[in-house]
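> Take this sequence and fold it.
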Amino acid sequence: HTIVFDDDTTQELERRYVFGEWRDEPLAEGTKIECRYRDTATFYPGAVAKANDDGTHDITYDDGEAEAGVILRRLRRPGQQQPENVDAGSRVDARRPDGGAVSPATVL
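Down below sits the predicted model:
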């Protein structure tokens, strides 16, 4: 996949480094989820504490940590697998090839 990061850096990435939309509808409060914590690629278990009016979610992790304003593409239901295909124009998060942070991007 050809990815353009929000800082205008263009990169060819294998599918395993691209995280697409898991869902497009808000999740209800109390829904068990897995969430990529901040800019990591690792999912951690938790629950939706609040569904915000702007489409983001406040999350409480099982270890007691909390995070506000989480975008949908960082959430999945427990055990849910990454979609196999990501369409051109899709907003995604992608891991930078140097093993760095996961950053917002668009698929070309």
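
> phi, psi of residue 74?
Residue 74 has phi and psi values of phi -100, psi 0 when expressed as degrees, to the nearest 10.

> Show me the beta-bridge partners of the residue nearest to it when sequence neighbours are not counted.
Leaving aside its chain neighbours, residue 74 sits nearest to residue 36 (4.5 Å; criterion: C-beta to C-beta, 6 or more residues apart in numbering). Backbone N, C-alpha and C define where each C-beta goes, glycine included. Taking DSSP bridges, one finds residue 43 as the beta-bridge partners of residue 36.

> Could you check the pLDDT of residue 36?
For residue 36, the model assigns a pLDDT of 86.

> Same check on residue 22?
On pLDDT, residue 22 comes in at 56.

> again, but for residue 57
Note on residue 57: pLDDT of 92.

> if I look at it, how far off is residue 37?
Computed as C-beta to C-beta, to the nearest Å, the residue 57 to residue 37 distance reads 13 Å.

> The residue lying farthest from the centre of the chain sits in which helix or strand?
For the chain, the largest distance from the centre (C-alpha atoms, centre = their mean) belongs to residue 64, which lies 20.0 Å off. Following DSSP states H and E, one finds residue 64 outside all helices and strands.

> Tell me which residue is most central in the chain.
Taking C-alpha atoms, centre = their mean, the centroid of the chain lies closest to residue 74, which sits 2.2 Å from it.

> any idea which helix or strand of the protein has the worst average confidence?
Least confident helix or strand of the chain, by mean pLDDT, DSSP states H and E, is strand 18-19 with a mean of 79.
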